[in-house]
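Asker: Sequence and predicted structure are below.
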Amino acid sequence: MPIQCVAHRGCSGAAPENTMAAIELALSDSNVAWIEVDVQLSRDGIPFLIHDYTLNRTTNGRGPVKDYTWEQLLALDAGSWKSKQYAGERLISLDDCLGAIQGRLKANIELKTQGNMYPGLEDKVIEVIKKHRMEHEVVLTSFDLRSLSKVKENTKSVRTGLIIDQLPKDLFLRLQMLQCSFLSVNYKRLTAEMAAKASRRGLDVMAWTVDHVKGMRRLAGLHPDLLICTNRPELWPLAFKAPYNKS
């Protein structure tokens with residue numbers, strides 16, 4: 001597996017994050033092999049794309065995400081905060097996201113939850129994945145250990161991955177106990193030794209989030225099989241001089 005480009009929340013440097021506009025830009029970029037998106041639940045149980053636990057930063061709504069029904073969320077403007085060009089851009093469901101990328105891109109779906117914030121989140125996300133028959137084209141990742149365990153309680157057919165910002169001493173034991181085959185790590189924490197150790201254990205490693213050519217090249221020098229997550233996939237040709245071949 002060569003170095004692969006992951007579009008963070010879609011092509012979120014250019015378009016509003018976690019929207020169809022950002023996903024469409026990723027689909028149109030020959031260097032992008034994966035997208036990374038964040039998923040939470042509406043009050044009425046619809047899995048949809050948004051990063052923050054409140055609506056304030058990326059929509060014209062206010063307050064906790066979990067307090068709004070999907071109908072209310074669909075009425076929000078999720079684009080104007082980025083630029084006037086994207087005024088009226090809407091939030092999108094996970095269903096619509098996977099429908100757009102099916103057979104074209106793989107997806108790292110981050111389960112955005114803490115504790116028991118979203119009862120049933122994992123089951124509802126898995127249901128959508130299975131609807132699109134994308135069990136082998138996605139990985140479900142989270143900081144939340146219990147959420148990853150719930151995925152494995154539901155199904156063995158969907159891969160899981162732990163997200164880390166710090167380096168726990170028992171990292172690889174933790175990954176084994178959680179049955180994770182994917183590690184998502186802050187790029188500043190990743191070392192060649194860690195990448196090699198993960199590879200020997202059959203783990204895929206994604207480094208997040210780097211938006212400069214020098215950083216991309218440094219990461220590529222750590223191990224030949226990394227996934228590099230970026231808001232700016234347009235920098236990929238400058239870093240590596242050749243497009244990624246999705247076939």
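Answerer: Now that the structure is in, tell me what you want to look at.
Asker: Which parts of this structure are strands?
Answerer: Using DSSP state E, the strands of the chain run over residues 4-8, 32-41, 47-49, 106-111, 138-142, 159-164, 182-186, 204-208, 227-230.
Asker: of all those strands, which lies closest to residue 152?
Answerer: Taking C-beta to C-beta, strand 159-164 is the member of these nearest to residue 152, at 6.5 Å. For the C-beta atoms, the positions are set from N, CA and C on the backbone; glycine is no exception.
Asker: Does residue 3 touch residue 224 like I think?
Answerer: Yes: look at residue 3 against residue 224 with C-beta atoms under 8 Å: they come within range, at 6.8 Å.
Asker: Look at the two and report which has more neighbours.
Answerer: Legend: neighbour count by other C-beta atoms under 10 Å for residue 3 and residue 224, higher for residue 3 (20 against 11).
Asker: ok, the closest residue to the more buried one other than its chain neighbours - contacts?
Answerer: In space, residue 3 comes closest to residue 220 once its chain neighbours are excluded; the distance is 5.0 Å by C-beta to C-beta, 6 or more residues apart in numbering. Neighbouring residues of residue 220 by C-beta atoms under 8 Å, 6 or more residues apart in numbering: 3, 226, 228, 239, 240.
Asker: can you redo the residues you listed as TSV with distance to residue 88 and pLDDT?
Answerer: What follows is those, written out as TSV (distance: C-beta to C-beta, whole Å; pLDDT from 0 to 100):
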residue	distance to residue 88	pLDDT
3	36	94
226	37	97
228	32	98
239	34	94
240	35	91
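Asker: ok, of those residues, which one's closest to residue 27?
Answerer: Among the contacts of residue 220, and counting by C-beta to C-beta, the member closest to residue 27 is residue 228, at 18.4 Å.
Asker: Just to check, that closest one is in contact with residue 221?
Answerer: No: Residue 228 is beyond contact range of residue 221, at 11.5 Å (criterion: C-beta under 8 Å).
Asker: which of these two has more neighbours?
Answerer: residue 228 (26 against 11).
Asker: list the contacts for residue 43?
Answerer: 66, 67, 68, 69, 70 are the contacts of residue 43 under C-beta under 8 Å, 6+ apart.
Asker: The closest residue to residue 155 other than its chain neighbours and residue 88: what is the separation?
Answerer: The spatial neighbour of residue 155 that comes closest, neighbours along the chain excluded (C-beta to C-beta, 6+ apart), is residue 126 at 5.6 Å. Distance, residue 126 to residue 88, using C-beta to C-beta, to the nearest Å: 32 Å.
Asker: who has more neighbours, those two?
Answerer: Using other C-beta under 10 Å as the criterion, residue 126 and residue 88 rank with residue 126 on top: 20 against 8.
Asker: tell me the contacts of the more buried one?
Answerer: Contacts of residue 126 (C-beta under 8 Å, 6+ apart): 140, 151, 154, 155, 158.
Asker: So it versus residue 48, what's the distance?
Answerer: In terms of C-beta to C-beta, residue 126 sits 15 Å off from residue 48.
Asker: Helices along the chain, start to end?
Answerer: For the chain, the helices defined by DSSP state H cover 20-28, 70-74, 94-101, 121-131, 145-154, 171-178, 192-200, 213-222, 236-240.
Asker: which strands and helices sit next to the first one?
Answerer: Judged by 3 or more C-beta pairs under 8 Å, 6 or more residues apart in numbering; DSSP states H and E, helix 20-28 is in contact with strand 4-8, strand 32-41, helix 94-101.
Asker: The longest one packs against which elements?
Answerer: It refers to strand 32-41. Using 3+ C-beta pairs under 8 Å, 6+ apart, the elements in contact with strand 32-41 are strand 4-8, helix 20-28, strand 47-49, helix 94-101, strand 106-111, helix 121-131, strand 227-230.
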